[in-house]
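*Asks:* kindly return the folded structure for what I paste below:
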Amino acid sequence: MTAALSTKARWIGPALAFAGVAAILVVVFALPARSLLDWWILTTVLAPQQVLPLIGLAIALALAGRGVLVGGLVAFALGLTGGLAGEAVLLGFAGGLPDPAGLITPAASIVVGLGLLGPRVLRAGLVPVAALIAGGLCGLFLRLSDPSLRDPAFPIAGAAVVCWIVLAVMLTLRVLRRRWFDVAGRIAGSWLVAIGLMHGGAVIARAVRMEQMPPEPQTQPVSPAARPPDPAVPPGVDPGSFFPDPDTADALPGPARPRGFDPALQP
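*Replies:* Presented below is the predicted three-dimensional model:
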């Protein structure tokens, strides 16, 4: 009985991953119309640059022992809650950085990558710390990218999707774990650090370039009365119209016309 339950529990991760992917496919292909929440989940929360740090954290947790795994999950949940609730405090620490909102994802990639690159003897302390910081950054990102007017459904749904990614990948990798996973984890950590550095550098360079751009000149519209007359336009002719003013038609060159004569009204 215990062995059967243990065997079934091993496949919780793959089943969770399959159920989540099936739900995403239903939203993408089966629903006739998508709500703002659906668009936000698909285009922002599930964006590749947002998912990569979460997958890296799941790899770090899958390679850790049971005690570190539990501590990492608790730390991630605490960080996620703190990021959602302490938006003002976290942004206060990053107030001097250029484009702090754009640096959230690169910072998470670097922190998780360093946790994967750490030696095995230090991983017991690095993984929970990386999970705590990554959770806080993820919660802050969910709060800042929320397109609603403080609708609680958005951060709750975003947090649920984030937790699903971490749990599904972590549980699946623990079932399929092989000896070479440690080496693969270090390689993934180096990629995450490199991606985070390049992404963060691009965000900082763009923010600095935008700050150094000169402001656009303020142009005042010129009224038609203030414009100097055009010597090529005869009196009584509006350059923006096709027909002259009928009341001043006698001033135009050509044969004389009676006052009030309008060619457009003739049969």
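*Asks:* residue boundaries of the strands in the stretch 1-150 of the chain?
*Replies:* For the stretch 1-150 of the chain, no strands turn up when DSSP state E, counting those that start in this stretch is the criterion.
*Asks:* report the backbone C-alpha coordinates of the helix or strand containing residue 158 in CSV.
*Replies:* Assigned by DSSP states H and E, residue 158 belongs to helix 153-175. Listed in CSV are the C-alpha atoms of helix 153-175, where the atom choice follows Å, rounded to 0.1, in the frame of the first residue of the first chain:
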residue,chain,number,x,y,z
ALA,A,153,-7.6,38.5,-8.9
PHE,A,154,-4.6,39.5,-10.9
PRO,A,155,-1.8,39.1,-8.3
ILE,A,156,-3.5,35.9,-7.0
ALA,A,157,-3.7,34.4,-10.5
GLY,A,158,-0.1,35.5,-11.2
ALA,A,159,1.2,34.0,-8.0
ALA,A,160,-0.7,30.7,-8.7
VAL,A,161,0.9,30.5,-12.2
VAL,A,162,4.4,31.2,-10.7
CYS,A,163,4.0,28.5,-8.1
TRP,A,164,2.8,26.1,-10.7
ILE,A,165,5.9,26.6,-12.8
VAL,A,166,8.2,26.0,-9.8
LEU,A,167,6.4,23.0,-8.4
ALA,A,168,5.8,21.3,-11.7
VAL,A,169,9.4,21.6,-13.0
MET,A,170,10.9,20.7,-9.6
LEU,A,171,8.8,17.7,-8.9
THR,A,172,9.2,16.4,-12.5
LEU,A,173,13.0,16.7,-12.3
ARG,A,174,13.2,14.9,-9.0
VAL,A,175,11.4,12.0,-10.5
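*Asks:* and the helix or strand just after it, what's buried?
*Replies:* Using DSSP H and E, the helix or strand that follows helix 153-175 in sequence is helix 181-212. By neighbour count on 16 or more other CB atoms under 10 Å, the buried set for helix 181-212 is 181, 185-186, 188-189, 192-193, 195-196, 199-200, 203-204, 207. Every C-beta, even on glycine, is put in place using the N, C-alpha and C of the backbone.
*Asks:* point out the other helices and strands that helix 181-212 packs with.
*Replies:* Packed against helix 181-212, as judged by 3 or more CB pairs under 8 Å, 6 or more residues apart in numbering; DSSP states H and E, are the following elements: helix 48-63, helix 104-117.
*Asks:* buried ones in the first one?
*Replies:* If I follow you right, that is helix 48-63. 50-63.
*Asks:* and that helix, how far from the chain's centre?
*Replies:* Distance of helix 48-63 from the chain centroid (CA atoms, centre = their mean, to the nearest Å) equals 17 Å.
*Asks:* got the angle for it vs helix 153-175?
*Replies:* With axes from the mean of the first three to the mean of the last three CA atoms, to 10 degrees as the basis, helix 48-63 and helix 153-175 are set at 40 degrees to each other.
*Asks:* returning to what we had before: tabulate the buried residues of helix 48-63 (TSV), appending distance to residue 113 and pLDDT.
*Replies:* Converted to TSV, the buried residues of helix 48-63 look like this (distance: CB to CB, whole Å; pLDDT from 0 to 100):
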residue	distance to residue 113	pLDDT
50	15	91
51	15	94
52	10	93
53	8	94
54	13	95
55	11	94
56	6	94
57	10	94
58	13	94
59	10	93
60	9	92
61	14	92
62	15	91
63	14	90
